[in-house]
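>>> Generate a structure from the sequence data that follows.
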Amino acid sequence: MLDHLEQLLVADDIATIWSMHCAQMAKFGFDRLIYGFTRFSATQNLGSLDDTLILSNHDPAYLNSFLGAGLFSEAPMVKWAIDSVGACSWRMVAERMAAGELTEGERKVIELNRRFQVLAGYSIGFPDTSARAKGAIGLCAQPGLTQADVDAIWDEHGRDLRVLNSIMHLKISALPFSTTRRPLTARQREVLEWVGDGKTSADIAQILGLTTATVEKHLRLAREALEVETTAQALLKASMQKQLFITSAP
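The predicted structure follows:
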């Protein structure tokens, strides 16, 4: 495990980290994962999917229904993860079903899960420093494993699994990531960075050798790309998305 953690700590791109993590979780019997992270969650929901990083190695047909058709918002374990920190066995879903507590939307998710052999697993909700940031992962057991099997795996390896998943989350959440929204251009990012340093449009124009009108145009386009109304909001959102003060090209 230490070798894996050492490699994870030096990895500097999300694709590499995710590939390594999927391979490591498969060793414990979890062959399908779905991870989500947003810095713009709202009360009792994850906010817009446009602002959310989602990583998964589930069947694309499953994801098309779960995410594309919006069923994820009704998923019992997603609802749990929104308000919770820690680990939870999917046994909870079976217990709620037996008690007749599932909503119609939740039952539709269960039907979808059965079709794709998403039957047993564990979910982890991660703690975050920002009240609006939320990260969670669902670990789906390989076909053939029951929830009792998964609970036994967790009893034996739960500490290792929590540590491995928490470090993966900390690494990924610290990196800039692209969403369905278009990223800022290098110039848009540059003018926002100067705004963050307290410069006015006139100051920025002089520093960059541009006209004030051109600076204002770049700020307007940055606001449009980030879908906010003010430059202050754009600066905050770009900062939360880690689009500012990065060394690599967008």
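>>> most residues in a single helix of the protein, which one?
Determined from DSSP state H, the single longest helix within the chain is helix 147-173.
>>> and the next helix or strand after that one, what does it pack onto?
Per DSSP states H and E, the first helix or strand lying C-terminal to helix 147-173 is helix 186-196. Using 3 or more Cβ pairs under 8 Å, 6 or more residues apart in numbering; DSSP states H and E, the elements in contact with helix 186-196 are helix 201-208, helix 212-226, helix 231-240. (Glycine included, C-beta is placed from N, CA and C.)
>>> Return the alpha-carbon coordinates of helix 186-196 using PDB.
Coordinates of each C-alpha in helix 186-196 appear next as PDB, following Å, rounded to 0.1, in the frame of the first residue of the first chain:
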ATOM      1  CA  ALA A 186      -5.100  32.400 -21.000                       C
ATOM      2  CA  ARG A 187      -5.900  36.100 -21.500                       C
ATOM      3  CA  GLN A 188      -9.200  35.800 -19.500                       C
ATOM      4  CA  ARG A 189      -7.300  34.100 -16.700                       C
ATOM      5  CA  GLU A 190      -4.500  36.700 -16.800                       C
ATOM      6  CA  VAL A 191      -6.800  39.700 -16.500                       C
ATOM      7  CA  LEU A 192      -8.700  38.000 -13.600                       C
ATOM      8  CA  GLU A 193      -5.400  37.300 -11.900                       C
ATOM      9  CA  TRP A 194      -4.500  41.000 -12.100                       C
ATOM     10  CA  VAL A 195      -8.000  41.900 -10.700                       C
ATOM     11  CA  GLY A 196      -7.200  39.500  -7.800                       C
END
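>>> Next, the buried residues of it.
In terms of neighbour count (16 or more other Cβ atoms under 10 Å), helix 186-196 has its buried residues at 187, 188, 189, 190, 191, 192, 193, 194, 195.
>>> can you put the residues you listed in JSON lines and add distance to residue 225?
Output for the buried residues of helix 186-196, formatted as JSON lines (distance: Cβ to Cβ, whole Å):
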{"residue": "187", "distance to residue 225": "12"}
{"residue": "188", "distance to residue 225": "7"}
{"residue": "189", "distance to residue 225": "10"}
{"residue": "190", "distance to residue 225": "14"}
{"residue": "191", "distance to residue 225": "12"}
{"residue": "192", "distance to residue 225": "10"}
{"residue": "193", "distance to residue 225": "15"}
{"residue": "194", "distance to residue 225": "17"}
{"residue": "195", "distance to residue 225": "15"}
